[in-house]
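Engineer: sequence and predicted structure below; questions after.
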Amino acid sequence: MKFYELSPEERRRQLVEAGLMTPADAALWAGTPGLDPAVAAHLIENQIGQIALPLGVVRDLPVNGRSVQVPLATEEPSVVAAANNGARIAALNGGVQAQAPAHLVVGEVVFATAAPDRVVALLAAHEAEIRAVAAAAHPSIVRRGGGLRTVTVTRLDGFVKLALGVDSQAAMGANIVNTIAEAVGHAAAAWVGEPPLVAILTNGDTEPTVATVTLAPDTLATRNVAGAEIARRIAQLSRLATVDVARAVTHNKGIMNGVGAAVLATGNDWRAVAAGAHAFAAASGRYQPLATWHLQEDGRLAGRIALPLQVGVVGGAMSALPSAQAALRLGGFDSVAALQQALAALGLVQNLAALRALAGPGIQAGHMALQANSLAIAAGATGDEIAVVAATLRGTAMSLAAAQQALAALRKDEQQ
Ligand code: MEV
C-alpha cells in the first residue's frame, strides 16, 4: 500500500521503523494533540481554548541530496497531496538544490529628527559604543558565537535609521534583536540628545533562501497532456505571473500553502514569514512571483524560488510546544539553514504541483477528490462513515447536499 493509503497509526509505525520518527514522538502525535492546559493558559493572554489542525508529512522531499520528511499543519485538503506530488517529480530529476543565506536578523533604531546630518554623524562616531552596548545587552548570544555583526546608518526622509544586523544563531531572533535594539536605542538617546522613535526588529530585511530544480519534460506528463506541453504551459503560467499581479498573488499563495504549513508545524512565526515573503515579492515596486519557471534550450524546465525565511530552530514558543519540537526532529532541522533550505524547496515543489495541475487537468479534479472527505465531515459523517460517504461522492457532482443525502442513505441502510 502507498503511504497515503495507510491509516495514521500505520504511517507513524512506518516512519518509526524507518528511523525517521522517534517512538516517543509517534506516541505524542497518537495522543490528543492538545497542549497541557497550564501551558496553554500561560502562553497567551485571555486564553479560552485551543484549536487543532491536522498534521501531515511530505515524504522524502529531496533537498541537497538529502531526503527530508517535512511536517505540514494545514486545514486545506490538497496541500499535502500536492507537495508530495511535487516532491516525487523533483526526486525523479535529481532533487532540489537550495542555499540559505548567512542568518542575520536586523533591528531598527530610528530617530525622527530635523537635523539628520548631526544624528548620522553622532551615530557613526559611536559605533564602538554601540557594539559594546549590544554585547552587554545579550551576553548569552555572544557566548553562543552570535551577536551584533553589522551596523549601518541610513538617512531617510525625516528620519535616521540605525540598522543592527544580529546573528541570532539557531533562534529566529525576535527577542534577542529587540533586546539589543532597545538597549542600543536607550544608550544612543544620550549621544543624540533625544530618544529614538522606535527600536524593533524588521521582518523585512532578510536575505532570501534560493532553491532550484531542473525537470525533464517527460516527468511532467499528466494522463491526457504530454510532458513537453505541460512544461511549455508551466513556463507560460510563470510568465503570466510576472505581468499580472492578480495571478502572481495566487501563484504565491500556492507557494505559501506549503511554506506556511511547515512554518506553523515547526512552531515558527508564520506572520513574520508571510509578511517578509510578500514584501520581497514586491521589492521591485511591482508584486512578482516568488518562483519562476523557464524552458531551457535543451527542452528541460528550470525552476527557481527565492524568498526570505525568518525562522529558527530553538527558542520562542517552539520550546513550549512539544509538537513543534517533534516536527523539528522529524524534519531533521538541526540548524536554521537546514530548515530554510527545506522550506524553499517545499515552496518550489508546491508551486510546481499547482502549475502542473493548472497546465493539465485543471485544479478542481484533484481538489474536489480530496474535498469529498471535508464534505462528508461537514454533512455530519463520523468515524468510518467519513470514508464511505466520501467514496459515494467521488465521481459525482459534489456538494454538501449530496453528502447529506449519501450519509442519510448510508444510515438508513445500516438500520435495515
Ligand atoms: C490553492 O490553494 C492554490 C492554487 O490556487 C495556487 C495556484 O493557483 O498557483 C492552486
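Structural biologist: Yep, it's here.
Engineer: quick check: residues of the chain near the ligand?
Structural biologist: E76, T250, H251, K253, G254, N257, A354, L358, I363 (C-beta under 6 Å from any ligand atom). Where you see a C-beta, it was placed from the backbone N, CA and C, and this is true even at glycine.
Engineer: is there a neighbour count for the second one? I'd like the number.
Structural biologist: Using other C-beta atoms under 10 Å, T250 is surrounded by 13 other residues.
Engineer: in the sheet, who's paired with V106?
Structural biologist: Bridge pairing for V106 (DSSP bridges) gives the partners G165.
Engineer: measure it to G165 for me?
Structural biologist: Separation of V106 from G165 (C-beta to C-beta, to the nearest Å): 5 Å.
Engineer: these two: which is more packed in?
Structural biologist: Using other C-beta under 10 Å as the criterion, V106 and G165 rank with V106 on top: 21 against 16.
Engineer: ok, that one - contacts?
Structural biologist: Residues near V106 by C-beta atoms under 8 Å, 6 or more residues apart in numbering: A163, L164, G165, V166, V177, L201, T202, D205, T206.
Engineer: same thing with V151?
Structural biologist: Neighbouring residues of V151 by C-beta under 8 Å, 6+ apart: E127, I130, R131, L162, A163, L164, G165.
Engineer: dump those into TSV; add distance to G267, pLDDT and secondary structure as well.
Structural biologist: As requested, the contacts of V151 are exported to TSV (distance: C-beta to C-beta, whole Å; pLDDT from 0 to 100; DSSP: H, G, I helix; E, B strand; the rest coil):
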residue	distance to G267	pLDDT	secondary structure
E127	36	97	helix
I130	32	98	helix
R131	31	98	helix
L162	31	98	strand
A163	27	98	strand
L164	25	98	strand
G165	24	97	strand
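Engineer: type out the PyMOL command that picks the buried ones from these.
Structural biologist: Buried members of the contacts of V151, defined by 16 or more other C-beta atoms under 10 Å, are picked up in PyMOL with:
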select buried, resi 130+131+162+163+164+165
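Engineer: closest one of the contacts of V151 to K2?
Structural biologist: Taking C-beta to C-beta as the measure, K2 lies nearest G165 of those, at 46.3 Å.
Engineer: for the residue of the stretch 251-400 of the chain found nearest the ligand, report the pLDDT, please.
Structural biologist: Relative to the ligand, the nearest point of the stretch 251-400 of the chain is G254 (2.6 Å; C-beta to the nearest ligand atom). Looking at G254, its pLDDT stands at 98.
Engineer: and P33, by the same measure?
Structural biologist: On the pLDDT scale, P33 gets 66.
Engineer: the residue of the stretch 251-400 of the chain closest to the ligand belongs to a helix, doesn't it?
Structural biologist: Yes. Read with DSSP: H, G, I helix; E, B strand; the rest coil, G254 is one of the residues of a helix.
Engineer: what about it, how many residues nearby?
Structural biologist: G254: 25 neighbours (other C-beta under 10 Å).
Engineer: thought R356 was touching it, still the case?
Structural biologist: No. Using C-beta atoms under 8 Å as the test, G254 is too far from R356 to be in contact (11.2 Å).
Engineer: SS state for the residue minimising distance to the centre of the chain?
Structural biologist: Nearest residue to the geometric centre of the chain (C-alpha atoms, centre = their mean): V259, 2.4 Å. Assigned with three-state DSSP, V259 falls in the helix class.
Engineer: would you say L264 is within a helix?
Structural biologist: Yes. Counting by three-state DSSP, L264 falls inside a helix.
Engineer: for it, give me its contacts.
Structural biologist: Residues near L264 by C-beta under 8 Å, 6+ apart: L53, A73, T74, W270.
Engineer: isn't the first one up against A73?
Structural biologist: Yes. Under the criterion of C-beta under 8 Å, L53 is in contact with A73, at a separation of 4.7 Å.
Engineer: coming back round to it: out of the contacts of V106, which is nearest to the ligand?
Structural biologist: Using C-beta to the nearest ligand atom, T206 is the member of the contacts of V106 that lies nearest the ligand, at 23.7 Å.
Engineer: which non-adjacent residue is nearest the closest one?
Structural biologist: Of all residues not flanking T206 in the chain, P308 sits nearest, at 3.6 Å (C-beta to C-beta, 6 or more residues apart in numbering).
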